[in-house]
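Asker: Attaching a predicted model along with its sequence, questions to come.
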Protein chains: 2
Amino acid sequence: MTEAEFLAALRQLPLHPGARGLADDAALVAGLVVTTDTLVEGVHYLPSDPPQDVAWKLVAVNLSDLAAKGAVPEGVLLNLPLGGEAWDRPFLAGLAEILHAYDVPLIGGDTVSLPAGAPRVLTCTAIGRDAAAPLRSGARAGDALWVTGTIGDAGLGLAVARDGEGPAALLAAYRRPLPRLDEGRALAPHVHAMADVSDGLLIDAARMAAASGLAARIDLAAVPLSPHAPADRPGRLAAATAGDDYQLLFAAPAGWTPPVPATGIGRFAAGTGIALVDGDEAVPLPPLLGFEHACIARLP
Amino acid sequence: MTEAEFLAALRQLPLHPGARGLADDAALVAGLVVTTDTLVEGVHYLPSDPPQDVAWKLVAVNLSDLAAKGAVPEGVLLNLPLGGEAWDRPFLAGLAEILHAYDVPLIGGDTVSLPAGAPRVLTCTAIGRDAAAPLRSGARAGDALWVTGTIGDAGLGLAVARDGEGPAALLAAYRRPLPRLDEGRALAPHVHAMADVSDGLLIDAARMAAASGLAARIDLAAVPLSPHAPADRPGRLAAATAGDDYQLLFAAPAGWTPPVPATGIGRFAAGTGIALVDGDEAVPLPPLLGFEHACIARLP
C-alpha cells in the first residue's frame, strides 16, 4: 500500500476526537498536546551522522511539533535500540544536551535490542501543555503566510554531511535543528493556522492550504535565505523544497505584525493548490514540493 | 552498554515526577497514565507470526500496562513501518479488531519506510485515564501475592508457533493476549501494588518485591495452570518463567478477597529476593527467572 492508502485505511479505524482526523501533526488529549515521530537510520538520518546529533534531532523534531501548537513541553517518551558502547554513550550525551537545553524531562519509554545489522529505528513521543494549539487547517482567505528564520540551510547541510566538507553552520542546521518553542508560544494565540516546516516549505505550505480548503500563492523572491544559500532561482527552489528546516509556517490576518521575527512569503485565497511567483513572474511548480517521497507521513 | 547501564544512565537525565524514577511500566502525566512498548520482528515476535496477530499484540501489550494501573484506555499512538501490500492489509485488519474489541480510539502516530530487508520495528504508546494507578513498588510486608488467570500458556504457544503444531488455544495465548482491563479496573483501587506479567511470573514478582524493598515467597504448587500445561515441577517452572502471559500480578492485604477471579500464590515479607517452594519443599530458583534476556527493559 502507498502511504496515502495506508493513512486512508487508518482513518477508517475508530479515531479519537483529538486526533483531528489524523490531519495534523499533533493530537489533543485531555488538554495535552501529543505528537510522535520515528527516525530510521539510512532513511531519516545518515548512518555516518554522530549519535549525539541523532539524539538531538530525534527530540528536536518532536519539540518542533509542540512549538507549532504553542505548547510548553511537559516531557518526552523514548523508544530506543541498545546500540553498543560506541553508540550508546554519545547518544546519551546528546540526549542530555537537548533535554537540558529545552528543560524537557524524560517521562518514560522502552529500550529494545535489534537483530545484528538491523538499521536503528528510534521513536520519540512528546507531550506538551498549555497550548493555544492552532490547527494546520485554520487559514482563511486573505490571510498572509509567514515563516520564521531562514529556509534551506538544513538541505544544504545534508549535502555537507554527505560530502564531508562545507560550512559548519549548515551542518549544524541539518544535524541540530532548533525547535522554535519560544516563537511558537508567542505566535500560537494569535495566528489562524500554524505548522512546522519539516518536509519542505512548499509541501508544508501546500498541506496547510489543502487542509484549510484554500489556495496559496508563494513569492519565491520573499523566501528568507541565509547567506550560505544561493539566491538565484535554482537555489531558491532548492531551499523551498528542502526539508528539515523546523521553522514555523503560519497564517495570520493581513496587516497583522508578528511579535517575533518572521518573513511574509505569500497569501491565501479562495481556490485550491499552490502557485509560485518570483516577484512578478509566475514560476512553474517543481516536480517535488518537498520530501514527500522521504517516507514520513505524519498521522499527526 | 548493558540494558542496566543504559537505564542507569537514563536515570541521570532530567526525569518527570510522573516517571517515578523509571521504575514502573507506566508514567503519570497530568492525571493520565502513559505507557509505550516496542516490538521488534525476530526479537519480540516471530517473522512467521501473522501480521494481524502482530497488530493485536502490539496494542494488547500496551493496554495490559494500562490494565495494571486500573486505567480506562483513552487511545493509542502507533509508529508503524509501511510493510508492503501482503503485510499492510492484514495488519490493519488486526488493528481494527483490537481497537474495536477494547473500544480504543487511535490518537495519532507516524508511518515510516524501512530500508529493504530491515526487520520491522513497531511502537505503540497507550494513554489511559481515571486510574487508581497502584505502583509496582507498593507491596507491604505480610501482603498476599495474587495473579489472575493461568500462567505459562503463552510460553507453550510460542513453542506451538515455532513447531507449527499444537493446541490452538495455546497459539492464541501467545499471539492474541487479552489485556485484563476489566480486572485491572476492579482491582486497582484496592491493591497495594500491581503489574502485568509480561516477562515471566517469577521475574515480574521479583521486580515487585525489589521495588517494594521486600522479599517474596512463591508457592510453585499454587501457580494456576491451564489444562494444557504439564503440572509436574519442570512444567510449573517453565510456566513460571515463560513470558507474554499479560495476567495481572498484585499485592493485597492478607485475608482480603479479590473482586475478580485470582489465585493466591505467595506472600511478601521483610527481606530481599524471592524464594520458591513447592508445597512444603524449598525449590532452588531457576537460572533465568523470565525473559530478562529477551531485550525489553521497560523504562516505564
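Answerer: Good, I have the coordinates.

Asker: which residues in chain A form helices?
Answerer: A:3-10, A:51-68, A:85-101, A:153-163, A:168-175, A:181-187, A:201-212, A:233-241 (DSSP state H).

Asker: for the first one, packing partners?
Answerer: Right, the one you point to is helix A:3-10. strand A:297-298, helix B:85-101, strand B:106-112 (3 or more C-beta pairs under 8 Å, 6 or more residues apart in numbering or on different chains; DSSP states H and E). Using the backbone N, CA and C atoms, a C-beta is placed for each residue, glycine as well.

Asker: confidence score at the residue lying farthest from the centre of chain A?
Answerer: Most distant residue from the mean C-alpha position of chain A: residue A:116, 31.2 Å away (C-alpha atoms, centre = their mean). As predicted, residue A:116 sits at a pLDDT of 91.

Asker: same check, this time on the one 4 residues further on
Answerer: Note for residue A:120: predicted pLDDT of 97.

Asker: surely it meets residue A:44?
Answerer: No - if you go by C-beta atoms under 8 Å, residue A:120 and residue A:44 don't touch, sitting 10.2 Å apart.

Asker: more neighbours, the two?
Answerer: residue A:44 (24 against 21; other C-beta atoms under 10 Å in any protein chain shown).

Asker: wait, isn't that one in contact with residue B:112?
Answerer: Yes - with contacts counted by C-beta under 8 Å, residue A:44 reaches residue B:112, the gap being 7.4 Å.

Asker: Spatially central, which residue of chain A would that be?
Answerer: Against the mean C-alpha coordinate of chain A, by C-alpha atoms, centre = their mean, the closest residue is residue A:198 at 2.6 Å.

Asker: and that one, what does it touch?
Answerer: Contacts for residue A:198 (C-beta atoms under 8 Å, 6 or more residues apart in numbering or on different chains) come out as A:25, A:61, A:64, A:204, A:243, A:244, A:245, A:246, A:296, A:298.

Asker: For the third one, list the residues it contacts.
Answerer: For residue A:64, the contacting residues are A:177, A:179, A:180, A:196, A:198, A:246, taking C-beta under 8 Å, 6+ apart as the criterion.

Asker: What separation do you get for it and residue B:270?
Answerer: 50 Å (C-beta to C-beta, to the nearest Å).

Asker: The contacts of residue A:64: which two are farthest apart?
Answerer: A:180 and A:198 (11.9 Å; C-beta to C-beta).

Asker: Next, show the common contact partners of those two.
Answerer: With C-beta under 8 Å, 6+ apart, residue A:180 and residue A:198 have common neighbours A:64, A:246.

Asker: And for the residue nearest to residue A:157 when sequence neighbours are not counted, the neighbour number?
Answerer: In space, residue A:157 comes closest to residue A:174 once its chain neighbours are excluded; the distance is 2.8 Å by C-beta to C-beta, 6 or more residues apart in numbering or on different chains. Residues within reach of residue A:174, counting by other C-beta under 10 Å, total 26.

Asker: Give me the pLDDT for the closest residue to residue A:149 other than its chain neighbours.
Answerer: Of all residues not flanking residue A:149 in the chain, residue A:247 sits nearest, at 4.4 Å (C-beta to C-beta, 6+ apart). Note on residue A:247: pLDDT of 98.

Asker: same thing with the one 4 residues further on?
Answerer: Note for residue A:251: predicted pLDDT of 98.

Asker: shouldn't it be in contact with residue A:193?
Answerer: Yes - between residue A:251 and residue A:193 there is a contact under C-beta under 8 Å: 4.2 Å.

Asker: Please work out which of the helices and strands packed on helix A:3-10 is packed deepest.
Answerer: strand B:106-112 (a mean of 25; mean count of other C-beta atoms under 10 Å in any protein chain shown).

Asker: Now do that strand against helix A:3-10, angle only.
Answerer: 160 degrees (axes from the mean of the first three to the mean of the last three C-alpha atoms, to 10 degrees).

Asker: Contact partners for the residue nearest to residue A:127 when sequence neighbours are not counted?
Answerer: Spatial nearest neighbour of residue A:127, excluding adjacent residues (C-beta to C-beta, 6+ apart): residue A:74 at 4.5 Å. Listed by C-beta under 8 Å, 6+ apart, the contact partners of residue A:74 are A:32, A:105, A:107, A:127, A:128, A:129, B:16, B:29, B:30.

Asker: Ok, residue A:259 next?
Answerer: Residue A:259 sits in contact with A:186, A:187, A:190, where contact means C-beta under 8 Å, 6+ apart.

Asker: any idea how far the second one lies from chain B?
Answerer: Read that as residue A:187. 22 Å (C-beta to the nearest C-beta, to the nearest Å).

Asker: doesn't residue A:194 make contact with that residue?
Answerer: Yes - the pair residue A:187 / residue A:194 is scored as a contact, 6.4 Å apart, by C-beta under 8 Å.

Asker: More neighbours: the two, which one.
Answerer: Set residue A:187 next to residue A:194 and count neighbours by other C-beta under 10 Å: residue A:194 wins out with 29 against 25.

Asker: Check the gap between that one and residue A:269 for me.
Answerer: 19 Å.

Asker: beta partners for residue A:45?
Answerer: residue A:41 (DSSP bridges).

Asker: thinking again about what came up before, overlap in contacts, residue A:187 and residue A:194.
Answerer: A:70, A:248, A:250.

Asker: In a markdown table: those residues, plus distance to chain B.
Answerer: As requested, those are exported to a markdown table (distance: C-beta to the nearest C-beta, whole Å):
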| residue | distance to chain B |
| --- | --- |
| A:70 | 17 |
| A:248 | 20 |
| A:250 | 21 |
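
Asker: Kindly reformat these as CSV containing neighbour count.
Answerer: Output for these, formatted as CSV (neighbours: other C-beta atoms under 10 Å in any protein chain shown):
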residue, neighbour count
A:70, 25
A:248, 29
A:250, 29
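
Asker: Of those residues, which is the nearest to residue B:10?
Answerer: residue A:70 (28.6 Å).

Asker: what's the neighbour count on the residue nearest to the closest one when sequence neighbours are not counted?
Answerer: Spatial nearest neighbour of residue A:70, chain neighbours left out: residue A:188 (2.3 Å); criterion: C-beta to C-beta, 6+ apart. When neighbours are defined as other C-beta under 10 Å, residue A:188 has 21 of them.

Asker: How is chain A divided into domains?
Answerer: Domain assignment for chain A by automatic domain parsing gives A:3-129, A:144-294.

Asker: Indicate which one of the ones you listed is closest to residue B:280.
Answerer: domain A:3-129 (40.3 Å).
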